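Participant: Structure for this input, please:
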Amino acid sequence: MNTLYKNLCLGFIAILLVGCATGKNAFDKGDYETALDRAVNRLQANPNNQKAQQVLLDGYDLAKNFHERRIQQLNKSNDTFKWESIYNEYAKLNKYYRDIQRCPQCMSIVNPSDYFTQQETAGNNAAQVQLDLGIEALAINTIETGRQAFSHFQMATRYNNNIPGIDTLLTQSREIGTIKVLIEPIPIHSRNLELTNEYFENVMFEYLDQFSANRFVRFMSFEEVEATETQPDHVLLMQFDDFVLGQAQIVSKTVEVKRDSVIVGQYTDQAGVEHDVFGTVKADFTRNEKTLLSGGVLNFEIRDAYTNKVLTNRKIQSEDVWRHEWASFNGDERALTKEEIKMSKLRELPPPGPQALFISFIDRIYGQVEGNIRQFYRNTRI
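Facilitator: Below you'll find the model as predicted:
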């Protein structure tokens, strides 16, 4: 009974698999594209498969009639973007044609029609619609409509990549749709410290160039704005409100360390044989830690260049602790671990200069500055 049940299940599964492989199931559900695709694949592998032959014979005519009716309906439509849909319908018909052409057995069953001319015409019409909409948006000459125009022109090239002057229109619309951001010189205010922000400016401009590569935003220096006579839309101000250094602090801690079962000598027994003498060795180990705290605040602000209105403002604070450790000991070195011996060979070092500490501080706040820029200009991606 169990064997009979298993055989029936296997037979049923086999029928399902054959149906799926030949595309009959998809055909029965009206999914002509999948049905034809599976039938063609099956006939390429097994030209004598009768079910696949029948699916192809019935399916191609039904699919062809289905898409042609869709095209007739769309032609009567008043939808602005109907040509894109018509283009897609012809594209499916041409896919059937190419697939069947690659299968000799399929060509003996059906005679497919090509619609390449019709598809090209529909593509040209779809491109013209997008082109006209782009030109209308471009004429309004705002940042938002510039981006809309760029999107329309890009869409037009999907349907026709030989539109005269399209590169100029893409460049023009991207320029109009791009926010120009003037980066003000970055001043530093610090009590009694001579610092330069050249490092910060370099890493910031490098990041901003990368960030704006595929976005409707361009960051410009004061020199670039003047040289190109560009009117900025936003002004980015970054100012170090203060950077201070604390006093170096040294903390020392001495502990007694010891190790058992260490050879501390030898003795000779009555028979003249030498033996090791084991004992405990000790040392006073002093660990020293020198720290120097530095910290500051960067004022991050974006303003509207026309109204001077503050669009966003952040006070970015950070601290950095320079730390150095060394050690010394008094007693038997054998009581120390390898790490303690290594530390005892180090010597006290002076703290880095203010500029080096300032750069370390910059590295800590740099990620926060990037995050604020990404957040504010998150909707500028092309």
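Participant: Alpha carbons only: can I get stretch 231-240 in PDB?
Facilitator: C-alpha atoms of stretch 231-240 as PDB (Å, rounded to 0.1, in the frame of the first residue of the first chain):
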ATOM      1  CA  GLN A 231      25.600  82.700  -7.600                       C
ATOM      2  CA  PRO A 232      25.600  80.200  -4.800                       C
ATOM      3  CA  ASP A 233      22.300  78.900  -3.400                       C
ATOM      4  CA  HIS A 234      23.700  77.800   0.000                       C
ATOM      5  CA  VAL A 235      26.600  78.800   2.200                       C
ATOM      6  CA  LEU A 236      28.400  76.200   4.300                       C
ATOM      7  CA  LEU A 237      30.100  77.600   7.300                       C
ATOM      8  CA  MET A 238      32.400  75.500   9.500                       C
ATOM      9  CA  GLN A 239      34.200  77.200  12.400                       C
ATOM     10  CA  PHE A 240      36.200  75.800  15.200                       C
END
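Participant: Using neighbour counts, pick out the buried residues of that stretch.
Facilitator: Neighbour-count burial for stretch 231-240 flags 232, 233, 234, 235, 236, 237, 238, 239, 240 (criterion: 16 or more other C-beta atoms under 10 Å). The C-beta positions use only the backbone N, C-alpha and C, and glycine is treated the same way.
Participant: List the buried residues in the lengthiest strand in the chain.
Facilitator: Looking across the chain with DSSP state E, the single longest strand is strand 274-304. Within strand 274-304, the residues that qualify as buried are 281, 283, 285-288, 290-298, 300-303, counting by 16+ other C-beta under 10 Å.
Participant: list the helices and strands that strand packs on?
Facilitator: Applying 3 or more C-beta pairs under 8 Å, 6 or more residues apart in numbering; DSSP states H and E, we find strand 274-304 packed against strand 234-245, strand 249-268, strand 310-331, helix 338-344, helix 354-376.
Participant: strand partners of it, parallel vs antiparallel please.
Facilitator: strand 234-245 (antiparallel), strand 249-268 (antiparallel), strand 310-331 (antiparallel) (DSSP bridges).
Participant: possible to save those as TSV with distance to residue 157?
Facilitator: Below are the strands paired with strand 274-304 laid out as TSV (distance: least, C-beta to C-beta, whole Å):
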stretch	distance to residue 157
strand 234-245	30
strand 249-268	65
strand 310-331	34
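Participant: which of these sits most buried?
Facilitator: The highest average neighbour count among the strands paired with strand 274-304, using mean count of other C-beta atoms under 10 Å, belongs to strand 234-245 at a mean of 19.
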